[in-house]
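**Student:** Build me a model:
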Amino acid sequence: MVAWLFCYAMLKLIKNADLYLPGHFGPGHVLIAGRQIVYVGKSVPQLGGELSLQTYDLDGRRLIPGFIDGHAHITGGGGEAGFATQVPTVPISGFIDAGVTTVIGLLGTDDLTRTTSAMLARVYGLREEGLSAYCYTGGYHLPPTTLTGSVKSDIVHIECILGVGEVAISDHRSSQPTFDELIKLAGETHVAGLMTGKAGILHIHLGDGLRRLQLIDKALAETELPARVFNPTHVNRGKQLFDEACELAAKGCWIDVTAFPVAEDEDAWSAADALIRYWQTGHPNNQITISSDGGGCLPHFNTQGELISMDFATSSALPRTLSELLSRGIKLQQALPPLTSNPAELLRLPQKGRITCGADADLLVLDNNVNIFGVMALGEWHRYDGRCLRKGTFE
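**Tutor:** Numbers count the residues shown, from 1 in each chain. As a prediction, this is how the structure comes out:
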């Protein structure tokens, strides 16, 4: 019985949950002390009567790990059609309401007026408000925007920076990086990861260009860099691109699909379609993730690179994708890893993505209709039974 080691006021017991760890555990109970899970089991833990305990009876509702959104523009994205089209900073409720308890921020097309410094400030702000937040250094373009002068130095010296991204290839908005430029950047990122135990990945934006994944294929064939260093995202934006990305997964890369809306006649796969196709082809189950591109713009360009329409993404696409997968007969225990344990493994965040002793108490409660009933981040309820219990500073 370890609960006595913690301040009595921090103990929370979640009873009668249908547990997904993300594998299906079945009926069980979870004890939380402070920010951490300290017990998961079939029987109710026996605690001393002198301890003060907050108890939450879920009455059979499903308890799952909080979502990890591995690609979000936490300071806002956009700007492709002038300064007025910059997307505002995303408030913490934009993540919590979508079940996101860990977010990875990044810069996109605008890595000039949006800076690494501003990204770090937003990471720390979200942390102060109760969310787990990390980020990448750099952005679409090379040479990358950094805080200390190099991506290696940023990763090594700044705790919350896990890698580099999103570096754009096969896109008219990119800096048209050469093969040598890309592998040099990947090498620095990899070494920084080795030095720190961080993810050390190069998170790569894929556009609509016909070269698709050629630079990454060449890097795997001609360099000594491990495949896991190259992490392409938006790989479901084209059907042929997705097929090629699946081949990369077979070679050891981790691929990321984006939960953006897809029209019926569009040459793209929705996140749910992409996941189902991926599973059907028998590729490694742990090497695919889903992210939202939350806060980023969703532009549509003509053949001359001119913007013809735009929208912006939100993290709410993640629970919608989960609901769609379940409606199509996918079991919850199969649908959850791309949202939870897979990104935790890729990002080398062992305390995230699972309900287990020693993990951070990042938890979601789902009702019978797969709606979010409760959101706990780092041991604190932000939402419960339809009520907002914590807000951002300016919300």
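**Student:** Can you verify my assumption that Leu206 contacts Glu244?
**Tutor:** No: under the contact definition of Cβ atoms under 8 Å, Leu206 does not touch Glu244, with a separation of 9.7 Å. In this view, the C-beta of every residue, glycine as well, is placed from N, C-alpha and C.
**Student:** With neighbour numbers in mind, choose between those two.
**Tutor:** Looking at Leu206 and Glu244 with other Cβ atoms under 10 Å, you find the greater number of neighbours at Leu206, namely 28 against 19.
**Student:** List the contacts of the more buried one.
**Tutor:** The contact partners of Leu206, taken as Cβ atoms under 8 Å, 6 or more residues apart in numbering, are Ile169, Ser170, Asp171, Arg212, Leu213, Pro232, Thr233, His234, Val235, Arg237, Leu241.
**Student:** do Gly193 as well
**Tutor:** Contacts for Gly193 were tallied using Cβ under 8 Å, 6+ apart; they are Ile155, Gly163, Ala199, Gly200, Ile201, Val229, Arg348.
**Student:** ChimeraX command to pick out the buried ones of those residues?
**Tutor:** What follows is the ChimeraX syntax for the buried subset of these, where burial is set by 16 or more other Cβ atoms under 10 Å:
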select :155,163,199,200,201,229,348
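**Student:** Tell me which of the contacts of Gly193 fall in helices.
**Tutor:** The helices, defined by DSSP state H, take in Ile155 from those.
**Student:** still on that earlier bit, in terms of distance to Leu11, which of the contacts of Leu206 ranks first?
**Tutor:** The shortest approach to Leu11 among the contacts of Leu206 belongs to Thr233, at 39.5 Å (Cβ to Cβ).
**Student:** so what pLDDT did the closest one get?
**Tutor:** Predicted confidence (pLDDT) at Thr233: the value is 98.
**Student:** Which residues lie in contact with it in this structure?
**Tutor:** Applying Cβ under 8 Å, 6+ apart, the residues near Thr233 are His71, Gly165, Glu166, His203, Ile204, His205, Leu206, Ile255, Asp256, Val257, Thr258, Ser291.
**Student:** Which members of those are the farthest-apart pair?
**Tutor:** Using Cβ to Cβ, the pair of those lying farthest apart is Gly165 and Val257, separated by 15.5 Å.
**Student:** picking up where we left off before, ok, the contacts of Leu206 vs Ala98, which is closest?
**Tutor:** Using Cβ to Cβ, Thr233 is the member of the contacts of Leu206 that sits closest to Ala98, with 18.1 Å.
**Student:** For that closest one, list each beta-bridge partner.
**Tutor:** Beta-bridge partners recorded for Thr233 (DSSP bridges): His205, Asp256.
**Student:** From Trp381, how far off is it?
**Tutor:** Summarising the geometry, the distance separating Thr233 from Trp381, computed by Cβ to Cβ, to the nearest Å, is 31 Å.
**Student:** swap in Leu332?
**Tutor:** 22 Å.
**Student:** Can you give me the buried ones in the longest helix seen in the chain?
**Tutor:** The residue-count maximum for a helix in the chain (DSSP H) belongs to helix 179-196. Burial within helix 179-196, assessed by neighbour count using 16+ other Cβ under 10 Å, is assigned to Leu182, Ile183, Leu185, Ala186, Gly187, Glu188, Thr189, His190, Ala192, Gly193, Thr196.
**Student:** Export that helix to CSV, keeping only CA atoms.
**Tutor:** Coordinates of each C-alpha in helix 179-196 appear next as CSV, following Å, rounded to 0.1, in the frame of the first residue of the first chain:
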residue,chain,number,x,y,z
PHE,A,179,18.8,15.9,-50.6
ASP,A,180,22.1,17.0,-48.9
GLU,A,181,20.3,19.7,-46.9
LEU,A,182,17.6,17.3,-45.7
ILE,A,183,20.0,14.5,-44.5
LYS,A,184,22.3,17.0,-42.8
LEU,A,185,19.3,18.3,-40.8
ALA,A,186,18.2,14.7,-40.1
GLY,A,187,21.7,13.8,-38.9
GLU,A,188,21.8,16.7,-36.4
THR,A,189,18.4,15.8,-35.2
HIS,A,190,19.3,12.2,-34.7
VAL,A,191,22.5,13.0,-32.8
ALA,A,192,20.7,15.4,-30.5
GLY,A,193,18.2,12.6,-29.8
LEU,A,194,21.0,10.3,-28.9
MET,A,195,22.6,12.8,-26.6
THR,A,196,19.4,13.5,-24.7
